[in-house]
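Colleague: give me coordinates for this.
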Amino acid sequence: MSEFNDKSNDKDKKDNTDNADEFSMSNYSGYNVSHTENYDSSSNSDNADYDYEVKTLENNEKKHGKGMGKRIASYVAVGLICSLLGGTVSGVASIYLLPKTSFFKNTPLYKNLANANSNSNMYTDASSGSKNVNASPTVSSGSSLTVAQIAKEVGPAVVGVSTKILSSDNNYGLGNGSSEAEGVGSGIIINKDGYILTNYHVIQGAQTITITLNNKKTAKAKVINYDSSMDLAVIKISDSTITMPGVAELGSSSSLQVGDSVVAIGNPLGLEFFGSVTTGVVSALNRQVSVGNSKSQTLIQTDAAINPGNSGGPLVNSQGQVIGITSSKLTDTGEGVSAEGMGFAIPIDVVKPKITSLTKPMLMLGITVEDVTQDDSQSNNVPQGAEVKNVTSGSSADKAGLESSDIITKFGGKTVKSSDDLNNAKAEHSAGDKVAVEIYRNGVNKSLTITLATAN
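Modeller: Okay, here's the model as predicted:
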């Protein structure tokens, strides 16, 4: 939201003081109009001089002149008192009584004052000659929910995503062995058919995915599609008979302001803390952050507590709408300086345009791969490419003869130096295509042919 801080508004504010309703009535300090001396008739004696005495016409005029001056002064004093009282009464009537009458409300004066008051929230940029523009509100127009209401409304749409990853430890064919790793993240149910939005790094390389619902039920899930560059993935519950306990409402991140209240829901440190709710504010917007070896992303920064296991969970606004996908946190600067309260989320407005394509099944080779970097290549005297870490039994890759520790160097004639290169080359083909694949295996280059298929 843009805020206008134009000093010229000070003048505008002064000019908008015509509306009497904007001011409280001043307290008038009156003065005492009583005489300080009392009249005592008993003090007059028979010998006392009167104010005037009829002697001659000349003397009579002089005496009358002196008495007349006193009378005029008293008349003036009485007139001033009446004027003050009358002015006060008429002022009160004008300010408090007259504006409430239908007669006054139909006058041009009342209509002008009403228009001036209704335009008090307008900003005019005189320099550009533009028309009045409504100032942006500092709070959302929707009704805010309590944290308890948000947890009750959004919590059922948050799931646990448990993965198992099998990987080969044969070091480019120079050794043998394998290992199994488990991971837990979070996800958001985005429709009643069981599609779940999460981070790509949560399901990367997973051979099996198990979903834990808010009602404690569990179900198997499969990867539908992903975008590794954006750290996004969509998975789907395989059992179509399961009813989703909730579906999240996606909001808008473009309307966020620094300081807005937010709530994070997820599974920090594992399923033992399933559905944990933490609160905070939007600490900053448009932060450029690089996570691991991935390219820089523009993220929302928040001080709501985010821990391992929260990845893929929702960051929610005060209306109970998802405005971000929690993805990472900063724990230290790399120079021995620790950090607290610095979590990050992918803005939902970046995510929403991708959901349609992410819910369409992608071509699946049935392998997990790991980049062989230039440094790895030089250190181990192997070509740069995408090393196969695991092959799913019965998959396209398995049928084509790919094995663990194979390094894919070309796919469909395109050079492959990373997993991104492999995915980009694969995206140029369709299901059913037969594609030539060049690999490096145990010091020998080989060519294979793989038939592409979508996820089952």
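Colleague: could you find the closest non-adjacent residue to residue 427?
Modeller: residue 363 (7.6 Å; C-beta to C-beta, 6 or more residues apart in numbering). In short, each C-beta sits where N, CA and C put it, glycine included.
Colleague: next, count neighbours for residue 341.
Modeller: Residue 341 has 14 neighbours, counted by other C-beta atoms under 10 Å.
Colleague: what pairs with the helix or strand in which residue 277 is found, parallel or antiparallel?
Modeller: Residue 277 belongs to strand 276-290 when assigned by DSSP states H and E. Neighbouring strands of strand 276-290 in its sheet, by DSSP bridges, are strand 261-266 (antiparallel), strand 296-302 (antiparallel).
Colleague: residue ranges for the helices of the chain, please.
Modeller: Ranges of helices in the chain, per DSSP state H, are 9-15, 57-92, 102-105, 108-118, 147-154, 200-203, 348-358, 374-380, 396-400, 419-426.
Colleague: pLDDT of the first one, averaged?
Modeller: Helix 9-15 shows a mean pLDDT of 43.
Colleague: ok, now the fifth one?
Modeller: Here helix 147-154 scores 96 as its mean pLDDT.
Colleague: hmm, who's touching that helix?
Modeller: 145, 246, 248, 263, 265, 275, 277, 279, 314, 316, 318, 320, 322 (C-beta atoms under 8 Å, 6 or more residues apart in numbering).
Colleague: out of those residues, who's the most crowded?
Modeller: Going by other C-beta under 10 Å, residue 314 tops the contacts of helix 147-154 with 33 neighbours.
Colleague: sorry, back to before: pick the one among the contacts of helix 147-154 closest to residue 234.
Modeller: residue 248 (13.3 Å; C-beta to C-beta).
Colleague: for the closest one, which non-adjacent residue is closest in space?
Modeller: That would be residue 157: by C-beta to C-beta, 6+ apart, it lies 3.9 Å from residue 248.
Colleague: so where's the stretch 151-300 of the chain uncertain?
Modeller: 167-178, 292-294 (pLDDT under 70).
Colleague: can you give me the strands for it?
Modeller: For the stretch 151-300 of the chain, strands defined by DSSP state E, counting those that start in this stretch occupy the ranges 158-168, 178-189, 195-198, 208-212, 218-227, 232-237, 261-266, 276-290, 296-302.
Colleague: who touches residue 351 in this structure?
Modeller: By C-beta under 8 Å, 6+ apart, the neighbours of residue 351 are 197, 230, 232, 250, 325.
Colleague: how much space is there between it and residue 395?
Modeller: Per C-beta to C-beta, to the nearest Å, residue 351 is found 28 Å from residue 395.
Colleague: give me the phi and psi for the spatially closest residue to residue 191 that is not a sequence neighbour.
Modeller: Here the nearest residue to residue 191 in space, its sequence neighbours aside, is residue 247; by C-beta to C-beta, 6+ apart that works out to 6.0 Å. The phi and psi values for residue 247, taken as degrees, to the nearest 10, are phi -130, psi 130.
Colleague: residues touching the residue lying closest to residue 339 once chain neighbours are set aside, list them.
Modeller: Using C-beta to C-beta, 6+ apart and skipping the chain neighbours, the partner closest in space to residue 339 is residue 330 (4.9 Å). Applying C-beta under 8 Å, 6+ apart to residue 330 gives the contacts 289, 339, 342-344.
Colleague: what of residue 400?
Modeller: 437, 448-451.
Colleague: now residue 311: how far from residue 376?
Modeller: Residue 311 is 26 Å from residue 376, by C-beta to C-beta.
Colleague: tell me which of these two has more neighbours.
Modeller: residue 311 (27 against 16).
Colleague: so who does the more buried one touch?
Modeller: Residue 311 neighbours (C-beta under 8 Å, 6+ apart): 185-186, 198-199, 201-202, 266, 326-328.
Colleague: at 7 Å instead, please
Modeller: 185-186, 199, 201-202, 326-327 (C-beta atoms under 7 Å, 6 or more residues apart in numbering).
Colleague: looking at those residues, which is nearest residue 387?
Modeller: residue 201 (18.1 Å).
Colleague: now the closest one. Nearest residue, chain neighbours left out?
Modeller: residue 231 is the one closest to residue 201 (C-beta to C-beta, 6+ apart), at 5.9 Å.
Colleague: run a quick neighbour tally on that neighbour.
Modeller: 24.
Colleague: do the same with the one 10 residues further on
Modeller: Taking other C-beta under 10 Å as the neighbour definition, residue 241 ends up with a count of 6.
Colleague: distance of it relative to residue 219?
Modeller: Residue 241 is 10 Å from residue 219, by C-beta to C-beta.
Colleague: residue 298 too?
Modeller: With C-beta to C-beta as the criterion, residue 298 and residue 219 are 34 Å apart.
Colleague: same check on residue 159?
Modeller: 9 Å.
Colleague: repeat for residue 326
Modeller: Distance from residue 326 to residue 219, by C-beta to C-beta: 23 Å.
Colleague: those two - which one has more neighbours?
Modeller: In this view residue 326 and residue 219 are compared by other C-beta under 10 Å, and residue 326 has more residues nearby, 29 against 16.
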